[in-house]
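**Student:** here is my input; please provide its structure:
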Amino acid sequence: MEQLTSRELHAALDTLHAIGESCVGADEFARRGVECLPGLIGADLTTLSTCDLDGGHRSVVSDHADAISRREIDVFDHYFEVHPLVCEHGRNRAATTKRIDDLLPDGAFRRTPLFNEYYRRVGIDHVMAVPIHVDGRFLVSFVLNRSGTAFSDRERELAEVVRPHLANLYRLGVSSERTRQLPADATFDRAAAPLTPREREVLDWVAAGKTNRDIAAILSASPRTVEKHLERIYEKLGVETRTAAVMRVRALPRRGD
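**Tutor:** Numbering: from 1, shown residues only. The predicted structure is shown next:
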C-alpha cells in the first residue's frame, strides 16, 4: 500500500467536496464526478459506467460527449462477458479499485480482441475502474482511461481512498432522486415485496425508524438474527442500505393496481 501525503489527502477531500456540494440526484452526481475526478487523477477520458450484468450492456456518462460512438458501444457490449474489469467487479460486493494491468499483463491485454477492436480505436491504453455500487444485477463504476503512461500504484491507492465516499454520495443521490419521485402519501406495501413474513416484519420496523437492537427486542431475537434478515432483504431487493430497502418496497406497484 502506498503512503499518501497530506497534500494528496487534502486534494482527495477537495475533490469529494466539489462532487458532493449541493449535488441533488444521480444525474448531477455523475456529471460532477466525471468532471472533477480527472483533476485528482489525470485521465484522458473519464466515465461513470453502469453495467447491466443480466443484460450484458453498458451505459456511460462521459466527460467528453463524442468520445464513444454508437458503434464502439456495440463493440464493448460484444466483449462485455470477457472484459477483465467486468469479470473482476461484477456481483462482487467486496470489489475494490483495479487496473486492467492488475488483472492481465500489458502484453496479454494488447493481444485481445477487446483491446484491438475497442480500446485501440478510442485511443486508450490503460484503464482503472473504481466500483461504487455492486448488487445482484448492476455494477456502477467510475472508469479512468488514458493513453501513454500507465496508472501508478499511488494513483490506484488515491482512487481507493475516495471510493467508499463516492459510493456514499452515489447512494445519497439515488435516494434523493427516488424520494422526489414518490407521491407525498406513498404507502408501504408489504404484500408486494418478495419477502418472507418475518422479513416483512423486520422491514416494517426499519421503516418505523427502529435500530437493529430495538427490532431484536421487539421480536425477541438477537441483533445478529436481525442483521441476517436484513442481509437477505438487501439481496432480494437489490439494495445495500436500510433506506434503499424501504424506498424500493414503497416504489413497488401495489396489489390490485
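
**Student:** what's near enough to touch the residue lying closest to residue 113 once chain neighbours are set aside?
**Tutor:** If the residues on either side of it in the chain are set aside, residue 113 comes closest to residue 79, at 6.5 Å by Cβ to Cβ, 6 or more residues apart in numbering. (C-beta placed from N, C-alpha, C; glycine too.) By Cβ atoms under 8 Å, 6 or more residues apart in numbering, the residues touching residue 79 are 113, 114, 117, 118.

**Student:** in what helix or strand does residue 157 lie?
**Tutor:** helix 153-181 (DSSP states H and E).

**Student:** out of the contacts of residue 79, who's nearest residue 228?
**Tutor:** The shortest approach to residue 228 among the contacts of residue 79 belongs to residue 114, at 39.5 Å (Cβ to Cβ).

**Student:** what is the neighbour count of that closest one?
**Tutor:** If you count neighbours by other Cβ atoms under 10 Å, residue 114 ends up with 19.

**Student:** surely it meets residue 81?
**Tutor:** No - proximity of residue 114 to residue 81 does not meet the contact threshold set by Cβ atoms under 8 Å, at 10.6 Å.

**Student:** wait, doesn't residue 242 sit right on residue 206?
**Tutor:** Yes - the pair residue 242 / residue 206 is scored as a contact, 5.2 Å apart, by Cβ under 8 Å.

**Student:** shared neighbours of those two, which are they?
**Tutor:** residue 230.

**Student:** so for the two, which residue has more residues nearby?
**Tutor:** Taking other Cβ under 10 Å, residue 242 and residue 206 do not tie; residue 206 has more neighbours (22 against 18).

**Student:** hmm, back to that, need the max-distance pair from the contacts of residue 79.
**Tutor:** Longest span within these, Cβ to Cβ: 113 and 118, 8.3 Å.

**Student:** between these two, who's got more neighbours?
**Tutor:** Counted by other Cβ under 10 Å, residue 113 and residue 118 do not tie: residue 118 has more neighbours, with 22 against 11.

**Student:** which helices and strands sit right next to the helix holding residue 157?
**Tutor:** Helix 153-181 sits against helix 6-20, helix 26-40, strand 126-134, strand 138-146, helix 242-251, with contacts defined as 3 or more Cβ pairs under 8 Å, 6 or more residues apart in numbering; DSSP states H and E.

**Student:** report the next helix or strand after the second one in sequence order.
**Tutor:** Right, helix 26-40. strand 45-52.

**Student:** mind listing the strands that following strand pairs with, and their directions?
**Tutor:** Strand pairing for strand 45-52, determined by DSSP bridges: strand 57-62 (antiparallel), strand 138-146 (antiparallel).

**Student:** of these, flag the one that's most buried.
**Tutor:** strand 138-146 (a mean of 23; mean count of other Cβ atoms under 10 Å).

**Student:** how much does that strand deviate in direction from helix 153-181?
**Tutor:** Relative orientation of strand 138-146 and helix 153-181, computed by axes from the mean of the first three to the mean of the last three Cα atoms, to 10 degrees: 140 degrees.

**Student:** ok so, going back, redo the contacts of residue 79 as TSV? Include distance to residue 165 and pLDDT.
**Tutor:** Listed next are those as TSV, based on distance: Cβ to Cβ, whole Å; pLDDT from 0 to 100:
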residue	distance to residue 165	pLDDT
113	36	96
114	30	96
117	35	96
118	30	96
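
**Student:** inside helices: which ones of the residues you listed?
**Tutor:** 113, 114 (DSSP state H).

**Student:** can you pull the poorly scored residue ranges out of the protein?
**Tutor:** Counting by pLDDT under 70, the ranges of the chain that qualify are 1, 22, 175-193, 249-257.
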